[in-house]
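Enquirer: fold the stuff below for me.
(chains A and B)
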Amino acid sequence: MDKLFPKSYKQETKPHLFCPGCGHAAILKQLGEAIDELGVQKNMALGIDIGCSLLAWNFFDIDTAQTHHGRTASVMVGYKMARPERLAVAYMGDGGAYAIGLQSLLHAVLRNEPITVIVVNNENYSMTGGQKSPTTRKSAEGGDLRGFKGPEMISHLAAKNAWVGRGSVGNPRQLRVLFKKALANQMENKSFSFLEVLSICPVNWKTDAAASFERLKEMEKIYSLGEIKIDDEKN
Amino acid sequence: MMKKTKIIIVGMGGQGVQTIAKILALTAAQKGLEVSYIPQFGVEQRGTPSVAFITLDSKKVNYPLFDIADWAVVLHPRAIAEAVKYVDKKTKTIFDSSLMGVEKINKKPVDIFGLPAVKLATENFSSRLANLIVLGQVSRILELPFELAWKNTAETLEKKLKNETARKASRDALLLGYENLLEKKSFSKPDYRPKAGTIIFDGDGKQGFLISEHCKSCGICVAKCPIGAIKMGHNTGVFASPLPEIDIAKCSVCGTCSLFCPDGAIKTERKK
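Expert: Numbers count the residues shown, from 1 in each chain, chains lettered A, B, ... in the order given. Coordinates of the predicted model:
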């Protein structure tokens, strides 16, 4: 039998702490694969936020720091200042990045700090029981099509050599490629990289596997996937 | 007049502890009793111990928490530690005798009853219905009428029971629990073990692997398989939930299941 896990996984902590069908686990699996392919496991640090993302605290065999709510980007900026030769990755949820931590995120973008920020968007505050978050659409059934478009907003603020993109759990192969680009950009261009990942939350959406992916498809209609072009007129 | 009855139900999140407690509380309230029900579970919501505290009384319940329970219902060996704090010599204990032995719950058992719920559910229906068997049994002990319990079950689980077969199976499971007599024996060892280790599906020069310790039965592989070769089976995994089965003759070894599996629990390959 070939390997079931990426090499960067911490084997003894599996089965992991996430719920059945959690999007986080699927995202971290692709992140692990991307880390393996780039070979940066021993040369990086992962910062995790409060919320469901903190359950990744023992997920990888990688240096991991647990930060205050929404301050993951700031902490990783500080880490990067102290250790510029290492990869700094901030992993947070939509509540942490777009609500309580939006100012930290925006200043990291404006200063073009060379870190990678990964935001998992599952349209609710999952850990506390599925309360509405800034990314929750007005009608969860899809009537109102306005969503919080984080990457587009950041693409208007970011410097020319920054990298912004959006992936989805529904497309793991593309997600892995985007992870690789987001990680590589930090070292190659010494600039900010931002990746939002559309995710599922079967427990709080109260959907089974098939219905979760159907709702994810609705989200993919509203939010475009792939690399997002930096709007450099304003910069 | 009913004496004040304190009940604690423990199990793993996802087994249906809170469902049992909710239906029980509703039924008792409709029978005219005063009820308090407090759920307690970890931040993960699934896969960690889940506890329900229920107090029933004919007078008003002033304080919902308690130190020692009159009845303890233990559904999973990993959740025993949560129950032990609330158990003393007088506590009557119902436990799933198909999953665990008795010593860990109570060293000097006086009133201890085994109910092989997972075994009964797996043999007769699907292991997901084990909680309804327990609910049936507890309703009978508390002298709650069966029809009222079923009415509340059907209402609470309305969305899941749209299909007529599922509805009938649920009613049968509840009735089986209501009518099943508790086992009386020494209960030193569990008589039924969930599938452990790697399950291998073999045939046609193809192999499918399922790591039962990692599978959480989310059903993503079933939903994502492009040719419908994976189905939820009758085997029970480590999390007391049904494990998927691969129809290896049908499988085209596309790898979609292992690509989407969040737990790294499933894999298919051609034999070299």
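
Enquirer: do stretch B:262-269 and chain A meet?
Expert: Yes: with C-beta under 8 Å from any C-beta of the partner chain as the criterion, chain A is reached by stretch B:262-269 at B:Pro262, B:Asp263, B:Gly264, B:Ala265, B:Lys267, B:Glu269. C-beta here means a position set from N, CA and C on the backbone, and glycine is covered the same way.

Enquirer: secondary structure element holding the closest residue to the first one other than its chain neighbours?
Expert: Leaving aside its sequence neighbours, B:Pro262 sits nearest to A:Ala25 (C-beta to C-beta, 6 or more residues apart in numbering or on different chains; 3.5 Å). Counting by DSSP states H and E, the element that carries A:Ala25 is helix A:23-38.

Enquirer: buried residues in that helix?
Expert: A:23-36, A:38 (16 or more other C-beta atoms under 10 Å in any protein chain shown).

Enquirer: ok, now which ones touch the closest residue to chain B within chain A?
Expert: Per C-beta to the nearest C-beta, A:Gly21 is where chain A lies closest to chain B, at 3.1 Å. By C-beta atoms under 8 Å, 6 or more residues apart in numbering or on different chains, the residues touching A:Gly21 are A:Ile200, A:Pro202, A:Val203, A:Ala209, A:Ser212, B:Lys216, B:Cys218, B:Gly219, B:Ile220, B:Pro262.

Enquirer: how about a cut-off of 6 Å?
Expert: A:Pro202, A:Ala209, B:Cys218, B:Ile220 (C-beta atoms under 6 Å, 6 or more residues apart in numbering or on different chains).

Enquirer: cool, A:Asp94 as well?
Expert: A:Asn121, A:Ser133, A:Thr135.

Enquirer: please name the bridge partners of the first one.
Expert: To tie it back to what came earlier, the one meant is A:Asn121. Note on A:Asn121: beta-bridge partners by DSSP bridges are A:Leu198.

Enquirer: these two touch, right, it and A:Thr135?
Expert: Yes: under the criterion of C-beta atoms under 6 Å, A:Asn121 makes contact with A:Thr135 at 5.3 Å.

Enquirer: can you count the residues close to the residue of chain B at minimum distance from chain A?
Expert: For chain B and chain A, the shortest gap (C-beta to the nearest C-beta) falls at B:Cys218, measuring 3.1 Å. Per other C-beta atoms under 10 Å in any protein chain shown, the neighbour tally for B:Cys218 reads 29.

Enquirer: tell me how far it lies from A:Val203.
Expert: Distance of B:Cys218 to A:Val203, given as C-beta to C-beta, to the nearest Å: 10 Å.

Enquirer: for A:Lys190, same thing?
Expert: For A:Lys190, the distance to A:Val203 - C-beta to C-beta - is 40 Å.

Enquirer: when those two are compared, which one has more neighbours?
Expert: More crowded of A:Lys190 and A:Val203, by other C-beta under 10 Å: A:Val203, with 23 against 13.

Enquirer: where's the more buried one, which helix or strand?
Expert: helix A:202-205.

Enquirer: just the buried residues of the helix or strand that comes right after that helix, please?
Expert: Following helix A:202-205 in sequence order, the next helix or strand is helix A:209-222 (DSSP H and E). For helix A:209-222, the neighbour count (16+ other C-beta under 10 Å) marks A:Ala209, A:Ser212, A:Phe213, A:Arg215, A:Leu216, A:Met219, A:Glu220 as buried.

Enquirer: which of those residues come close to chain B?
Expert: Among the buried residues of helix A:209-222, proximity to chain B is found for A:Ala209 (C-beta under 6 Å from any C-beta of the partner chain).

Enquirer: residues of chain A that sit close to chain B?
Expert: So chain A meets chain B at A:1, A:4-5, A:15, A:17, A:19-22, A:25-26, A:127, A:172, A:203, A:209-210 (C-beta under 6 Å from any C-beta).

Enquirer: mind putting the buried residues of helix A:209-222 in TSV, pLDDT and distance to B:Ser58 included?
Expert: As requested, those are exported to TSV (pLDDT from 0 to 100; distance: C-beta to C-beta, whole Å):
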residue	pLDDT	distance to B:Ser58
A:Ala209	89	45
A:Ser212	92	44
A:Phe213	93	49
A:Arg215	90	46
A:Leu216	92	50
A:Met219	87	51
A:Glu220	89	55
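
Enquirer: for the buried residues of helix A:209-222, which one is nearest B:Ala154?
Expert: Distance ranking of these against B:Ala154, using C-beta to C-beta, places A:Ala209 first at 24.3 Å.

Enquirer: what distance do you get for that closest one to A:Ile200?
Expert: From A:Ala209 to A:Ile200 the distance is 9 Å (C-beta to C-beta).

Enquirer: what's the answer for A:Thr72, then?
Expert: Distance from A:Thr72 to A:Ile200, by C-beta to C-beta: 22 Å.

Enquirer: quick one: which of these two has more around it?
Expert: More neighbours surround A:Thr72 than the other of A:Thr72 and A:Ile200, with 34 against 29 (other C-beta under 10 Å).

Enquirer: show the pLDDT at that one.
Expert: Looking at A:Thr72, its pLDDT stands at 92.

Enquirer: I figured it was touching A:Asp49, is that so?
Expert: Yes: with contacts counted by C-beta under 6 Å, A:Thr72 reaches A:Asp49, the gap being 4.5 Å.

Enquirer: give me the common contacts of the two.
Expert: With C-beta under 6 Å, 6+ apart as the test, A:Thr72 and A:Asp49 both reach A:Met92.

Enquirer: need the contact partners of stretch A:177-187.
Expert: A:Gln30, A:Leu31, A:Ala34, A:Leu38, A:Pro114, A:Thr116, A:Trp163, A:Gly165, A:Gly167, A:Ser193, A:Leu195.

Enquirer: farthest-separated two in the residues you listed?
Expert: Maximum distance among those (C-beta to C-beta): 22.3 Å, for A:Gln30 and A:Pro114.

Enquirer: please identify the buried residues of the longest helix anywhere in chain B?
Expert: Longest helix of chain B, by residue count under DSSP state H: helix B:164-179. Neighbour-count burial for helix B:164-179, counted by 16+ other C-beta under 10 Å, picks out B:Ala166, B:Arg167, B:Ala169, B:Ser170, B:Arg171, B:Asp172, B:Ala173, B:Leu174, B:Leu175, B:Leu176, B:Gly177, B:Tyr178.

Enquirer: can you give me the helices in chain A?
Expert: A:23-38, A:72-82, A:94-95, A:102-110, A:150-157, A:172-188, A:202-205, A:209-222.

Enquirer: for the ones you listed, which one sits closest to B:Ala83?
Expert: So among the helices of chain A, helix A:202-205 is nearest, using C-beta to C-beta, at 24.0 Å.

Enquirer: circling back: dump the buried residues of helix B:164-179 to CSV, plus distance to B:Gly14.
Expert: Shown next, in CSV, are those (distance: C-beta to C-beta, whole Å):
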residue, distance to B:Gly14
B:Ala166, 18
B:Arg167, 21
B:Ala169, 19
B:Ser170, 17
B:Arg171, 22
B:Asp172, 22
B:Ala173, 17
B:Leu174, 19
B:Leu175, 24
B:Leu176, 21
B:Gly177, 19
B:Tyr178, 23
